[in-house]
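A.B. asks: any chance you could fold what I've pasted below:
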Amino acid sequence: MDYISIGSQMLKGEVAVPPSKSVAHRAIIAAALSGGKCVLHHVAESKDIGATLSCMGALGTKHHLNISKMELVLEPKKTYHMPQELVLDCCESGSTLRFLMPLALVFGQNVRFLGQGRLMQRPQKPYFDLFDEKGIRYKTGTNEIQLSGKLEAGTFRLPGDVSSQFITGLLFALPLLEGDSEIVLTSELESKGYVDLTLDVLKDFGITVFCDEYKRFVVKGGQTYKPKDYTVESDYSQAAFFLVAGAIGCDVTCLNLRKESLQGDKKILELITAAGGEIEYTEGGGIRARRTDVMHGICIDARDIPDLVPILAVLCTFCRGESRIINAGRLRFKESDRLAAISSELRQLGVEVIEGGDYLRIIGRDLVTGNTTSAWNDHRIAMAIAIAATRCEGKVGIVGAKEAVKKSYPDFFEVYAALAENGQRS
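C.D. replies: Residues are numbered from 1 along each chain as shown. The predicted structure follows:
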């Protein structure tokens, strides 16, 4: 397993923030359903995006990714002629699995979804409850889910507080059915920002959905996805690592972020400000965070921003006093148990962290201490620990770091090293 060692070093320079993985998944699926050639601009290679491309390929879409130009060409089939049993390998991508389960059922043949790591341990009950109601047969295994049956239009009742990905999966599939459908939420929707991204991509590709105050979604059947060229915006989830680096003392400017973005993780800007940091917008369109002398503990509700929790825990580590991160129970079912993972690794660095069932309490300090840590096979844990290491006495080792970040940000540590080198020169 790979191992990296990072000394205490300030990061300095500009970061071209990578494209949003969340938006890219959605745009790839919509383009593949359009029946016409589409060019997606600003798309980067990663394991998760590769999983979605592979699955859409199994459904009949050819693709070519020009890595240097960050340009993805998709050429879907006009009509689909499926094998008797369709096999879709989602690797470790929860978005791929949950987005495509309803869609695969539109075609009415047997489907095997394969997964790796903790993917098949992640909650699927909202879908299984629907399948029981709709007569869809399913069978689960250690690393696979088998489905058989055909999705029919109707009313689909889902909880809103497990994952918005279930809603997105249905929103992709329901417009293709013959009749009209509606999704009715039986509990308050969490992570509204991700549903907003889905609705925005659907609209761009010609699909109309009526959203009734995030309690009900009405979807007309018989709609057609329209081919178009599309540019994927940069990712606030990934920018958050470098924005927090700025908030704890580094000098990093994040480029290419949309101020008007619908991404829920844009909330990182608000939370840094709430903790006493400053956000600056540069003349060249960049965004950077600045540390101040009054950085203080805060209470963070993670209900709508679960992906930010690991790096927010690092932010709280360097704020005076006690911080709390609440309503974070869903993090136990990510690539790792992220509450346990970030608590464990921050403790390895000398941080006082109290872990509850769905919360963290973190006691702030000025510096962390060097030690060996684990990435937990989780990209967000690896990147969060790397940012914490910028304010370390000694060196921080991270086991499995480079392999973990391949999931979403394969060149993170190359970008990190370049920024560290700039910091040493200044």
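A.B. asks: contact partners for F241?
C.D. replies: Residues counted as contacts of F241 (Cβ atoms under 8 Å, 6 or more residues apart in numbering) are 311, 383-384, 386-387, 412. Where C-beta positions appear, they are placed from N, C-alpha and C, glycine not excepted.
A.B. asks: sec struct for it, please.
C.D. replies: Put simply, F241 is helix when judged by DSSP: H, G, I helix; E, B strand; the rest coil.
A.B. asks: quick check: the two most widely separated of the contacts of F241?
C.D. replies: Across the contacts of F241, the longest distance by Cβ to Cβ is 12.2 Å; it joins I311 and F412.
A.B. asks: which residues are in contact with each of these two?
C.D. replies: When contacts are counted by Cβ under 8 Å, 6+ apart, I311 and F412 have 241, 383 as shared neighbours.
A.B. asks: which one's more surrounded, those two?
C.D. replies: Between I311 and F412, counted using other Cβ atoms under 10 Å, I311 has the larger neighbour count: 28 against 22.
A.B. asks: quick check: the more buried one touching I387?
C.D. replies: Yes - between I311 and I387 a contact is recorded at 6.5 Å, counting by Cβ atoms under 8 Å.
A.B. asks: and R303, how far is that from E270?
C.D. replies: 14 Å (Cβ to Cβ, to the nearest Å).
A.B. asks: buried residues in stretch 128-141, which are they?
C.D. replies: 130-131, 136, 138 (16 or more other Cβ atoms under 10 Å).
A.B. asks: the helix or strand that contains I311 - what's its average pLDDT?
C.D. replies: Element membership for I311 (DSSP states H and E) is helix 309-317. Average pLDDT, helix 309-317: 98.
A.B. asks: tell me who's in contact with T208.
C.D. replies: When contacts are counted by Cβ under 8 Å, 6+ apart, T208 touches 175, 202, 220, 223.
A.B. asks: what does the strand or helix carrying S323 contact?
C.D. replies: Assigned by DSSP H and E, S323 falls within strand 322-326. Residues outside strand 322-326 that contact it (Cβ under 8 Å, 6+ apart): 275, 297-302, 309, 312-313, 316, 358-364.
A.B. asks: so which residues of the stretch 51-200 of the chain form helices?
C.D. replies: For the stretch 51-200 of the chain, the helices defined by DSSP state H, counting those that start in this stretch occupy 94-105, 125-134, 165-173, 192-204.
A.B. asks: turn these into TSV, including mean pLDDT and distance to M70.
C.D. replies: Formatted as TSV, these follow (pLDDT from 0 to 100; distance: least, Cβ to Cβ, whole Å):
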stretch	mean pLDDT	distance to M70
helix 94-105	96	20
helix 125-134	96	33
helix 165-173	97	24
helix 192-204	97	18
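A.B. asks: of all the ones you listed, which lies closest to S20?
C.D. replies: Comparison of these against S20 by Cβ to Cβ identifies helix 192-204 as nearest, at 8.0 Å.
A.B. asks: wait, L315 touches I248, no?
C.D. replies: Yes - applying Cβ under 8 Å, one finds L315 in contact with I248, separated by 6.9 Å.
A.B. asks: so these two - more neighbours on which side?
C.D. replies: L315 (31 against 22).
A.B. asks: the helices of the stretch 51-200 of the chain into TSV, with extra columns for distance to I28?
C.D. replies: Listed next are those as TSV, based on distance: least, Cβ to Cβ, whole Å:
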stretch	distance to I28
helix 94-105	10
helix 125-134	21
helix 165-173	11
helix 192-204	10
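A.B. asks: mind listing what's buried along stretch 268-279?
C.D. replies: Neighbour-count burial for stretch 268-279 flags 268-269, 271-272, 275-277, 279 (criterion: 16+ other Cβ under 10 Å).
A.B. asks: show me which pair in the residues you listed is furthest apart.
C.D. replies: Among the buried residues of stretch 268-279, the pair separated by the greatest distance (Cβ to Cβ) is I268 and G276, which sit 14.5 Å apart.
A.B. asks: quick one, strands of the stretch 301-426 of the chain?
C.D. replies: Along the stretch 301-426 of the chain, counting by DSSP state E, counting those that start in this stretch, strands occupy 322-326, 352-355, 360-363, 368-374, 392-399.
A.B. asks: pick the most buried one from the ones you listed.
C.D. replies: Of all the strands of the stretch 301-426 of the chain, strand 360-363 carries the top mean neighbour count, a mean of 22, counting by mean count of other Cβ atoms under 10 Å.
A.B. asks: now do that strand, average pLDDT.
C.D. replies: On average, strand 360-363 scores 98.
A.B. asks: please apply the same query to stretch 13-23.
C.D. replies: Here the average pLDDT along stretch 13-23 is 97.
A.B. asks: from E414, how far off is the residue lying closest to D337 once chain neighbours are set aside?
C.D. replies: Counting by Cβ to Cβ, 6 or more residues apart in numbering, L331 is the residue found nearest to D337 once chain neighbours are left out, at 7.3 Å. Distance, L331 to E414, by Cβ to Cβ: 27 Å.
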